[in-house]
Structure formats: structure tokens, C-alpha cells
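Trainee: Just a sequence and a predicted model for now, questions to come.
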Amino acid sequence: MKIAMLRRHGAAALSRLPGFMGAVALATGLSMAGSRSVAASEDALIVTLLGTGTPLNEPDRFSFSNLVQAGGLNLLIDAGRGTSIRLGQLGIPLGEIDGVFLSHFHSDHIIGLGDVFSTGYIRVPTLGGRVEPLNLYGPPGTQRLADGLLLTFQSDIETRMLDEGVPEAGTQIIAHEMKDGVVFERDGVTVTMFTVNHGEKIDPSVGYRVDYKGSSVTFSSDTKYDTRLIDAARGTDLLVHETAAAPAETMENPIVRDILDHHTSPEEVGSVFAQVQPRLAVYSHVVRLFGPNGRVTMREIIDRTRNTYAGSLVVAEDLMQFIISDRGVTVVRGGI
Ligand SMILES: [Zn+2]
Ligand SMILES: [Zn+2]
């Protein structure tokens, strides 16, 4: 694992890191380490990208899921494919998730939720053995999802309770259907929800910003270019944004056009990054479409982004981690 630190003030040097697509501004140089040895202070906000992919079932890029740790809490932003696997890789018991925040109900953002919910109440220490309900936050529709999960796992719940003594409370879900604004405040951690535009038929769709002791991260989730996201993200340290692109020769294909019409183009994301000016911009959930001559490349997407944005930018990988505090942003490249 490799660590790079972006300090909060100044930009005296520019450097390139493996995996970093573009110049990373550094105040006093670059610190690298061979492990996650940079101690996260109690004042730090830690963001781990659990899944950086899309609906494509790729082994090295699970679908969208993120872990935010602050104030002693473990919060999930979306729960795509493989969320429980990545949490296991981090050594975090599933039963110790304090809240799940859903952006919308596309399968690539929720497909791992049933695993986190149902495996989290099994009475095995490494799994957590949750004894309290799982708190699920999201826009209207979250209750219906919770009801469906309870129905799906009804037999498992009944037998685990009867056979293994799992307490009933641990098998429940409390659904918090929220509107824009602050949706969570606990132990110094504030989560703010804001509506985004993921296409007129995909309503609701929201993004989230998490603030803790002056540090923050903002997730666009799935959206087209939206000034509401820019307003919500202003002043944020880390902005995790989606994008979508297709090979030029496919642009007349109606399916391609329809997919692109639900997302933000690289040029538009560059404009978002330029307006928000996060300490570090991150591409995650990158929809790279295919054409007769192959898939659009990440290099092409970066080059298009550079038409409108010249600041720090990193392309996410599963288990990439960011430690944010008043000392700056430390980037830990995880590896799966
Ligand atoms: Zn979506
Ligand atoms: Zn998605």
C-alpha cells in the first residue's frame, strides 16, 4: 500500500504517483509508506472506497459502496455488490455498521445491502452479531426497500432466532425516509442529503456530504451535471464524483445516448471540480462504455476532464482510503 499526503496549505511542488491521473499538489513534498501506518487521529474523517464500479460484474471493481468513519462511527454510503467482502478485508464486523445511507434504488447501489443486513446479525464475533436494528437512511422509497428485505430474509430471521438465539431486535431495520438537509447528527458527525438529477424517471436520487470536525467528504452518487451538487459540495475536502463516457464512434447509438443522458460527462465533471475546488477530486463509479473497437479508456476520460479542470484528481480503486484531518488529506492505496 502506498500513502501520499496532500497538505492543506500551499502547493510548492507537483508530483505524480502511480494511479494518480494528474498532478497532485503538495506543500512540502510527498510522504510514502509501506502500510497503513499513518495513524488516524480521533479528529480524522476516514473514507474508504469499498466499491468503485458500476453494474458490470467485475472482480476487481465492485459496485458503488463507501465507508465513512468518524467519531467512532462506521457509516456506509450506498451498499453495492461486495460491500460485505470489502468490509471483511478491512476487518470491520458487519454488525458494527451504525447507519447505511442510500442514494437511489438502482441495483448497483443496493445489491449488497441484504448481505450486510442479514449476515450482520449472525452471532459470530467476526461478523458482529448485531443486537440492535440496522438504521437505513434514504429518500422516499427506503421504507419499501426495508420491507422487502425483511420479507426476503423472513425464513432466515425466523430460523436464526429459533435455532441460534439471535435477538429479534438485531433482525429489524429502521427505515428513515428523509428529505434534503441534515439527515443525521451524532458524535460530531453530520450527514447532509441533497437531491441530484439522475434522469427524470429516476426520482428520487440524492447525494451525501459528511462533515466531522472541520473535515468533509461529498459523494455525487449517480447524477447528471447539477448545480445543487456544486452548492452542497462547496468547501469540501474530498469530492467523489461519477462520470460516463463512450467511444466516439458509438455516439449515434440510441442506447449509448440514453445511458450517457443519465450521467455527467468528463468535461462537465471537470467544470464541477473547478467550481467546487475540493482539496482532492476523485473519480469513482466511472461508466466506461464499449464500442466496436473496444472500451473507452480512462486516459481518454482524464484528457477530456482536463479541458475544464487542472487541479488534483485521482481515479478510485476498490479499498483506496483517504484520511482527512486538519493536517490534510492522506491517500492510502489499498489494493484488493
Ligand atoms: Zn443509478
Ligand atoms: Zn450506479
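Mentor: Cool, the structure landed. Note that the structure is predicted; figures quoted are calculated from it, not measured. Numbering: from 1, shown residues only. Ligands and ions are numbered 1, 2, ... in the order given.

Trainee: Count residues in the vicinity of T236, would you?
Mentor: Residues near T236, counting by other C-beta atoms under 10 Å, number 23. Backbone N, C-alpha and C define where each C-beta goes, glycine included.

Trainee: give the contact list for it.
Mentor: Shown in contact with T236 (C-beta atoms under 8 Å, 6 or more residues apart in numbering): R209, S216, V217, T218, V276, P278.

Trainee: mind redoing it with 6 Å?
Mentor: By C-beta atoms under 6 Å, 6 or more residues apart in numbering, the contact set of T236 is S216, T218, P278.

Trainee: Distance of the residue nearest the centre of the chain relative to ligand 2?
Mentor: Nearest residue to the geometric centre of the chain (C-alpha atoms, centre = their mean): N66, 3.6 Å. From N66 across to ligand 2, the span is 13 Å (C-beta to the ion, to the nearest Å).

Trainee: can I assume that residue sits in a helix?
Mentor: No - using DSSP: H, G, I helix; E, B strand; the rest coil, the assignment for N66 is strand, not a helix.

Trainee: is it true that it touches I77?
Mentor: Yes - the pair N66 / I77 is scored as a contact, 4.3 Å apart, by C-beta atoms under 6 Å.

Trainee: Specify the beta-bridge partners of the residue nearest to the centre of the chain.
Mentor: L49, I77 (DSSP bridges).

Trainee: what about stretch 130-147, near ligand 1?
Mentor: No - contact of stretch 130-147 with ligand 1 (C-beta under 5 Å from the ion) is absent, the minimum separation being 12.8 Å.

Trainee: show me where pLDDT drops low in this structure?
Mentor: Within the chain, the stretches with pLDDT under 70 are 1-40.

Trainee: Name the residues of it found near ligand 1, please.
Mentor: In this structure, the chain approaches ligand 1 at residues H106, D222, judged by C-beta under 5 Å from the ion.

Trainee: show me where the chain has helices.
Mentor: Remark: helices assigned in the chain by DSSP state H are 83-90, 107-110, 113-119, 142-152, 154-164, 227-233, 254-260, 266-276, 298-305.

Trainee: Spatially nearest residue to D231 (excluding sequence neighbours)?
Mentor: Excluding its sequence neighbours, the residue lying closest to D231 (C-beta to C-beta, 6 or more residues apart in numbering) is F194, at 7.8 Å.
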